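[1] Take this sequence and fold it.
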Amino acid sequence: MWVKRGLIFQPSKYRLPFENVGFAQSPQALVLHDRIRVYFSTRERDASGKFLSHVAFVDFDRRLEQLLGVSTSPVIPLGGLGCFDEHGIFPFHVFDDGNRILAYTTGWNRKVSVSADAAIGLAISADDGVTFQRHGTGPILAATLHEPFLVGDAFVTKHEFTYHMWYIFGLRWIREDASAPPDRVYKIAHAVSQDGITWHRNSRQVVPDRLNADECQALPTVISIDGTYHMYFCYREAHGFRNHTSATYRIGYAWSTDLIHWQRDDTRAGIDLSAGNCWDSQMQCYPHVFACDGRVHLLYNGNEFGRHGFGHATLEH
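    Residues are numbered from 1 along each chain as shown. Take a look at the predicted model:
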(Lines give C-alpha, C1' and ligand atoms only; values in the text may rest on other atoms or scores of the structure.)
Protein backbone atom coordinates (compact mmCIF):
# COMPACT_ATOMS: atom_id res chain seq x y z
CA MET A 1 0.00 0.00 0.00
CA TRP A 2 1.00 3.64 -0.39
CA VAL A 3 2.04 5.67 2.64
CA LYS A 4 1.16 9.31 2.11
CA ARG A 5 3.93 11.86 2.69
CA GLY A 6 1.71 14.89 2.19
CA LEU A 7 1.65 17.90 -0.10
CA ILE A 8 5.29 18.53 -1.04
CA PHE A 9 5.01 21.39 -3.52
CA GLN A 10 2.69 24.40 -3.52
CA PRO A 11 3.21 26.68 -6.56
CA SER A 12 1.83 29.74 -4.78
CA LYS A 13 4.92 29.78 -2.52
CA TYR A 14 7.47 30.13 -5.32
CA ARG A 15 8.32 32.50 -8.13
CA LEU A 16 8.02 30.62 -11.40
CA PRO A 17 8.98 31.83 -14.91
CA PHE A 18 5.35 32.79 -15.60
CA GLU A 19 2.71 34.87 -13.87
CA ASN A 20 1.19 31.67 -12.61
CA VAL A 21 -2.23 31.67 -11.03
CA GLY A 22 -1.73 28.38 -9.20
CA PHE A 23 -1.70 24.77 -10.42
CA ALA A 24 1.19 22.31 -10.48
CA GLN A 25 -0.48 19.59 -12.53
CA SER A 26 0.70 16.15 -13.56
CA PRO A 27 4.05 15.90 -11.71
CA GLN A 28 6.51 13.73 -13.68
CA ALA A 29 9.98 12.78 -12.44
CA LEU A 30 13.43 12.67 -14.03
CA VAL A 31 15.98 10.96 -11.77
CA LEU A 32 19.39 12.67 -12.03
CA HIS A 33 22.62 11.66 -10.28
CA ASP A 34 22.21 14.20 -7.48
CA ARG A 35 18.50 15.04 -7.50
CA ILE A 36 14.99 14.28 -8.66
CA ARG A 37 13.64 16.85 -11.10
CA VAL A 38 9.84 17.00 -11.12
CA TYR A 39 8.15 18.63 -14.11
CA PHE A 40 4.62 19.94 -13.89
CA SER A 41 2.22 22.17 -15.81
CA THR A 42 1.26 25.48 -14.31
CA ARG A 43 -1.17 28.09 -15.59
CA GLU A 44 -1.27 31.76 -16.41
CA ARG A 45 -4.03 33.86 -17.96
CA ASP A 46 -3.58 35.47 -21.36
CA ALA A 47 -4.88 38.90 -22.38
CA SER A 48 -8.36 37.45 -22.96
CA GLY A 49 -8.44 35.98 -19.44
CA LYS A 50 -8.23 32.38 -20.64
CA PHE A 51 -5.72 29.86 -19.32
CA LEU A 52 -2.41 28.89 -20.90
CA SER A 53 -0.46 25.84 -19.63
CA HIS A 54 3.31 26.16 -19.21
CA VAL A 55 5.92 23.61 -18.16
CA ALA A 56 8.10 24.26 -15.12
CA PHE A 57 10.09 22.07 -12.73
CA VAL A 58 11.15 21.79 -9.13
CA ASP A 59 14.27 19.95 -7.88
CA PHE A 60 14.30 17.74 -4.80
CA ASP A 61 16.93 15.60 -3.13
CA ARG A 62 16.79 11.90 -4.06
CA ARG A 63 14.45 11.09 -1.15
CA LEU A 64 11.99 13.84 -2.07
CA GLU A 65 12.39 15.29 1.39
CA GLN A 66 14.24 18.56 0.65
CA LEU A 67 13.33 21.09 -2.03
CA LEU A 68 16.47 22.37 -3.81
CA GLY A 69 15.08 24.95 -6.21
CA VAL A 70 12.61 25.73 -8.99
CA SER A 71 13.07 26.51 -12.68
CA THR A 72 13.89 30.14 -13.36
CA SER A 73 13.40 30.19 -17.14
CA PRO A 74 10.93 28.51 -19.53
CA VAL A 75 11.54 24.79 -20.03
CA ILE A 76 9.96 24.87 -23.49
CA PRO A 77 7.99 27.67 -25.17
CA LEU A 78 4.44 27.19 -26.36
CA GLY A 79 3.82 26.39 -30.00
CA GLY A 80 3.34 29.07 -32.64
CA LEU A 81 0.18 30.40 -34.23
CA GLY A 82 -2.14 27.57 -35.19
CA CYS A 83 0.10 24.81 -33.80
CA PHE A 84 -1.25 21.82 -31.88
CA ASP A 85 0.44 23.16 -28.70
CA GLU A 86 -0.38 26.83 -29.19
CA HIS A 87 -2.28 27.23 -25.90
CA GLY A 88 -0.57 24.82 -23.58
CA ILE A 89 1.51 21.76 -22.79
CA PHE A 90 -0.05 19.46 -20.22
CA PRO A 91 1.19 16.93 -19.27
CA PHE A 92 4.94 16.73 -19.95
CA HIS A 93 6.37 13.22 -19.67
CA VAL A 94 10.18 12.90 -19.58
CA PHE A 95 11.97 9.68 -20.49
CA ASP A 96 15.71 9.09 -19.91
CA ASP A 97 16.75 7.12 -22.98
CA GLY A 98 20.37 6.64 -21.92
CA ASN A 99 22.16 8.97 -24.30
CA ARG A 100 19.30 11.41 -24.72
CA ILE A 101 16.48 12.85 -22.61
CA LEU A 102 13.15 12.82 -24.39
CA ALA A 103 9.95 14.62 -23.49
CA TYR A 104 6.58 13.51 -24.78
CA THR A 105 4.41 16.59 -24.66
CA THR A 106 0.65 16.80 -24.74
CA GLY A 107 -0.01 20.01 -26.62
CA TRP A 108 -3.51 21.47 -26.59
CA ASN A 109 -5.27 24.20 -28.51
CA ARG A 110 -8.65 25.85 -28.16
CA LYS A 111 -11.59 25.02 -30.38
CA VAL A 112 -14.95 26.69 -31.01
CA SER A 113 -17.63 24.01 -30.62
CA VAL A 114 -15.77 22.14 -27.84
CA SER A 115 -13.17 23.38 -25.39
CA ALA A 116 -9.94 21.92 -26.82
CA ASP A 117 -8.13 19.35 -28.90
CA ALA A 118 -4.77 17.70 -28.14
CA ALA A 119 -1.93 15.73 -29.70
CA ILE A 120 1.41 14.29 -28.59
CA GLY A 121 4.68 15.99 -29.53
CA LEU A 122 8.34 15.16 -28.95
CA ALA A 123 11.09 17.37 -27.55
CA ILE A 124 14.74 16.61 -26.71
CA SER A 125 17.05 18.07 -24.07
CA ALA A 126 20.80 18.56 -24.36
CA ASP A 127 21.32 20.12 -20.90
CA ASP A 128 20.09 17.51 -18.39
CA GLY A 129 16.48 18.56 -18.74
CA VAL A 130 16.80 22.27 -18.01
CA THR A 131 15.42 23.13 -21.46
CA PHE A 132 13.94 21.14 -24.35
CA GLN A 133 13.83 21.71 -28.11
CA ARG A 134 11.03 20.42 -30.32
CA HIS A 135 11.74 17.54 -32.68
CA GLY A 136 9.50 19.35 -35.14
CA THR A 137 6.61 21.78 -35.34
CA GLY A 138 3.91 19.11 -35.59
CA PRO A 139 2.88 16.21 -33.35
CA ILE A 140 4.13 12.62 -33.55
CA LEU A 141 0.70 11.21 -32.55
CA ALA A 142 -2.56 12.92 -33.38
CA ALA A 143 -6.19 12.06 -34.13
CA THR A 144 -6.82 9.33 -36.69
CA LEU A 145 -9.76 7.54 -38.26
CA HIS A 146 -10.19 5.35 -35.16
CA GLU A 147 -8.90 7.84 -32.55
CA PRO A 148 -10.94 10.86 -33.57
CA PHE A 149 -10.24 13.29 -30.68
CA LEU A 150 -7.83 14.32 -27.96
CA VAL A 151 -4.69 12.19 -28.22
CA GLY A 152 -2.44 12.82 -25.21
CA ASP A 153 -1.10 11.77 -21.77
CA ALA A 154 1.84 9.75 -23.09
CA PHE A 155 3.88 7.54 -20.77
CA VAL A 156 6.90 5.83 -22.39
CA THR A 157 9.21 3.04 -21.30
CA LYS A 158 11.58 0.69 -23.11
CA HIS A 159 11.58 -3.10 -22.91
CA GLU A 160 13.91 -5.39 -24.90
CA PHE A 161 14.77 -2.77 -27.56
CA THR A 162 11.12 -1.78 -28.09
CA TYR A 163 9.60 1.45 -26.89
CA HIS A 164 6.13 1.17 -25.37
CA MET A 165 3.73 4.06 -24.97
CA TRP A 166 0.47 4.21 -23.07
CA TYR A 167 -1.64 7.22 -23.89
CA ILE A 168 -5.26 8.30 -24.17
CA PHE A 169 -7.52 9.03 -27.11
CA GLY A 170 -10.94 10.61 -27.20
CA LEU A 171 -13.96 8.58 -28.30
CA ARG A 172 -16.65 11.26 -28.32
CA TRP A 173 -17.97 14.53 -26.94
CA ILE A 174 -21.30 14.33 -25.13
CA ARG A 175 -23.68 16.63 -23.26
CA GLU A 176 -25.36 15.87 -19.94
CA ASP A 177 -28.44 17.69 -21.24
CA ALA A 178 -29.29 19.89 -24.21
CA SER A 179 -28.15 23.11 -22.49
CA ALA A 180 -24.94 21.73 -20.93
CA PRO A 181 -21.47 22.29 -22.40
CA PRO A 182 -19.92 19.24 -24.11
CA ASP A 183 -17.81 16.85 -22.02
CA ARG A 184 -15.12 14.54 -23.39
CA VAL A 185 -14.84 10.74 -23.11
CA TYR A 186 -11.37 9.21 -23.42
CA LYS A 187 -9.68 5.83 -22.92
CA ILE A 188 -6.19 4.38 -22.43
CA ALA A 189 -4.45 2.76 -25.42
CA HIS A 190 -1.01 1.32 -26.27
CA ALA A 191 1.55 1.89 -29.04
CA VAL A 192 5.02 0.53 -29.85
CA SER A 193 8.03 1.97 -31.63
CA GLN A 194 11.59 1.04 -32.58
CA ASP A 195 12.98 4.57 -32.36
CA GLY A 196 10.69 6.44 -29.96
CA ILE A 197 9.52 8.70 -32.78
CA THR A 198 7.44 6.64 -35.23
CA TRP A 199 4.69 4.78 -33.39
CA HIS A 200 2.39 1.91 -34.34
CA ARG A 201 -1.00 1.67 -32.63
CA ASN A 202 -4.11 -0.46 -32.89
CA SER A 203 -6.59 1.99 -31.33
CA ARG A 204 -7.77 -0.58 -28.81
CA GLN A 205 -8.86 0.35 -25.27
CA VAL A 206 -6.53 -1.63 -22.99
CA VAL A 207 -8.11 -1.06 -19.56
CA PRO A 208 -11.79 -2.03 -19.14
CA ASP A 209 -14.32 0.45 -17.80
CA ARG A 210 -15.45 0.24 -14.21
CA LEU A 211 -18.06 3.00 -13.95
CA ASN A 212 -19.85 2.87 -17.32
CA ALA A 213 -19.13 3.18 -21.05
CA ASP A 214 -18.55 6.93 -20.68
CA GLU A 215 -15.89 6.55 -17.97
CA CYS A 216 -12.94 8.88 -18.60
CA GLN A 217 -9.47 7.36 -18.10
CA ALA A 218 -6.30 9.47 -17.93
CA LEU A 219 -2.56 9.63 -17.14
CA PRO A 220 -1.39 5.99 -17.27
CA THR A 221 1.96 5.31 -15.58
CA VAL A 222 3.65 1.89 -15.57
CA ILE A 223 6.35 0.33 -13.39
CA SER A 224 7.85 -3.17 -13.28
CA ILE A 225 8.15 -4.80 -9.85
CA ASP A 226 9.17 -8.44 -9.36
CA GLY A 227 8.30 -9.46 -12.92
CA THR A 228 4.85 -7.89 -13.02
CA TYR A 229 3.91 -4.63 -14.69
CA HIS A 230 1.75 -2.31 -12.61
CA MET A 231 -0.29 0.48 -14.17
CA TYR A 232 -1.76 3.36 -12.20
CA PHE A 233 -4.09 5.85 -13.83
CA CYS A 234 -6.99 8.09 -12.89
CA TYR A 235 -10.64 7.83 -13.89
CA ARG A 236 -13.87 9.73 -13.37
CA GLU A 237 -17.44 10.17 -14.51
CA ALA A 238 -17.96 12.07 -17.77
CA HIS A 239 -20.31 14.65 -16.16
CA GLY A 240 -20.36 16.47 -12.85
CA PHE A 241 -16.68 15.94 -12.12
CA ARG A 242 -16.00 19.59 -11.33
CA ASN A 243 -18.65 19.97 -8.64
CA HIS A 244 -19.54 16.59 -7.19
CA THR A 245 -16.99 14.62 -5.16
CA SER A 246 -18.63 11.33 -6.14
CA ALA A 247 -17.87 12.04 -9.83
CA THR A 248 -14.29 13.32 -9.49
CA TYR A 249 -11.05 11.54 -10.31
CA ARG A 250 -9.87 8.50 -8.38
CA ILE A 251 -6.69 6.47 -8.85
CA GLY A 252 -7.20 3.13 -10.58
CA TYR A 253 -4.92 0.12 -10.96
CA ALA A 254 -4.28 -2.69 -13.46
CA TRP A 255 -1.55 -5.31 -13.81
CA SER A 256 0.03 -7.25 -16.68
CA THR A 257 2.74 -9.83 -17.34
CA ASP A 258 3.23 -9.01 -21.04
CA LEU A 259 2.63 -5.23 -21.35
CA ILE A 260 -0.27 -5.98 -23.71
CA HIS A 261 -3.09 -7.56 -21.70
CA TRP A 262 -4.17 -5.76 -18.51
CA GLN A 263 -6.32 -6.92 -15.61
CA ARG A 264 -8.03 -4.09 -13.76
CA ASP A 265 -8.42 -4.29 -9.99
CA ASP A 266 -8.93 -0.88 -8.37
CA THR A 267 -9.16 -2.49 -4.93
CA ARG A 268 -5.36 -2.93 -5.19
CA ALA A 269 -4.63 0.73 -6.01
CA GLY A 270 -3.55 1.11 -2.37
CA ILE A 271 -4.57 4.75 -1.98
CA ASP A 272 -7.82 6.60 -1.46
CA LEU A 273 -9.18 10.02 -0.56
CA SER A 274 -8.04 11.55 2.71
CA ALA A 275 -10.57 12.36 5.41
CA GLY A 276 -11.72 15.81 6.47
CA ASN A 277 -10.70 18.95 4.62
CA CYS A 278 -7.33 17.72 3.40
CA TRP A 279 -5.77 18.75 0.05
CA ASP A 280 -6.68 15.33 -1.46
CA SER A 281 -9.98 14.73 0.33
CA GLN A 282 -12.18 15.35 -2.73
CA MET A 283 -10.08 14.16 -5.67
CA GLN A 284 -6.92 12.23 -6.54
CA CYS A 285 -5.59 12.48 -10.08
CA TYR A 286 -2.61 12.50 -12.49
CA PRO A 287 -0.48 9.78 -10.82
CA HIS A 288 3.17 9.21 -11.72
CA VAL A 289 5.12 6.22 -10.37
CA PHE A 290 8.89 5.76 -10.44
CA ALA A 291 11.76 4.14 -8.53
CA CYS A 292 14.88 5.71 -7.01
CA ASP A 293 17.47 4.19 -4.67
CA GLY A 294 15.31 1.16 -3.91
CA ARG A 295 12.16 3.13 -3.10
CA VAL A 296 9.03 3.33 -5.23
CA HIS A 297 7.45 6.78 -5.30
CA LEU A 298 4.01 8.04 -6.29
CA LEU A 299 3.44 11.69 -7.20
CA TYR A 300 -0.13 12.85 -7.70
CA ASN A 301 -2.53 15.80 -7.60
CA GLY A 302 -5.50 16.35 -5.33
CA ASN A 303 -8.48 18.66 -5.12
CA GLU A 304 -9.27 21.03 -8.01
CA PHE A 305 -7.03 19.17 -10.48
CA GLY A 306 -3.79 20.24 -8.79
CA ARG A 307 -4.56 23.92 -8.17
CA HIS A 308 -2.79 23.73 -4.80
CA GLY A 309 0.20 21.60 -5.86
CA PHE A 310 1.16 17.94 -5.75
CA GLY A 311 1.73 15.30 -3.13
CA HIS A 312 3.95 12.30 -2.53
CA ALA A 313 3.51 8.73 -1.31
CA THR A 314 5.89 5.78 -1.01
CA LEU A 315 5.13 2.11 -1.58
CA GLU A 316 5.42 0.01 1.56
CA HIS A 317 5.03 -3.78 1.45
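[2] Enumerate every residue touching residue 314.
    By C-beta atoms under 8 Å, 6 or more residues apart in numbering, the residues touching residue 314 are 2, 3, 5, 295, 296, 297, 298. All C-beta atoms are positioned from the backbone trio N, CA, C, and that covers glycine.
[3] Just the buried residues of those.
    2, 296, 297, 298 (16 or more other C-beta atoms under 10 Å).
[4] quick one: residue 124 is in a strand?
    Yes: under DSSP: H, G, I helix; E, B strand; the rest coil, residue 124 sits within a strand.
[5] Quick check: it touching residue 131?
    No: Residue 124 is beyond contact range of residue 131, at 10.2 Å (criterion: C-beta atoms under 8 Å).
[6] Name the nearest residue to residue 302, sequence neighbours excluded.
    Spatial nearest neighbour of residue 302, chain neighbours left out: residue 280 (3.2 Å); criterion: C-beta to C-beta, 6 or more residues apart in numbering.
[7] should've said residue 248
    Here the residue nearest residue 248, using C-beta to C-beta, 6+ apart, is residue 283, at 4.1 Å.
[8] Assess the claim that that neighbour and residue 305 are in contact.
    Yes: here residue 283 reaches residue 305: they are 7.2 Å apart, a contact under C-beta under 8 Å.
[9] between those two, what contacts are shared?
    Looking at what touches both residue 283 and residue 305 (by C-beta under 8 Å, 6+ apart), the common residues are residue 249.
[10] what about those two, which has more around it?
    residue 283 (25 against 17; other C-beta atoms under 10 Å).
[11] residues touching the more buried one, list them.
    Contacts of residue 283 by C-beta under 8 Å, 6+ apart are 245, 248, 249, 250, 273, 301, 302, 303, 304, 305.
[12] In which helix or strand does the spatially closest residue to residue 85 that is not a sequence neighbour reside?
    Leaving aside its sequence neighbours, residue 85 sits nearest to residue 107 (C-beta to C-beta, 6+ apart; 2.4 Å). With elements taken from DSSP states H and E, the one containing residue 107 is strand 101-110.
[13] got it, and residue 290?
    Going by DSSP H and E, residue 290 is part of strand 285-292.
[14] pLDDT of that strand, averaged?
    What strand 285-292 shows for mean pLDDT is 98.
[15] just to revisit the earlier point, JSON lines please, covering the contacts of residue 283 and showing distance to residue 267.
    Formatted as JSON lines, the contacts of residue 283 follow (distance: C-beta to C-beta, whole Å):
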{"residue": "245", "distance to residue 267": "20"}
{"residue": "248", "distance to residue 267": "19"}
{"residue": "249", "distance to residue 267": "17"}
{"residue": "250", "distance to residue 267": "12"}
{"residue": "273", "distance to residue 267": "15"}
{"residue": "301", "distance to residue 267": "22"}
{"residue": "302", "distance to residue 267": "21"}
{"residue": "303", "distance to residue 267": "23"}
{"residue": "304", "distance to residue 267": "26"}
{"residue": "305", "distance to residue 267": "25"}
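[16] Just the residues you listed: which are in helices?
    Among the contacts of residue 283, DSSP state H puts 303, 304, 305 in helices.
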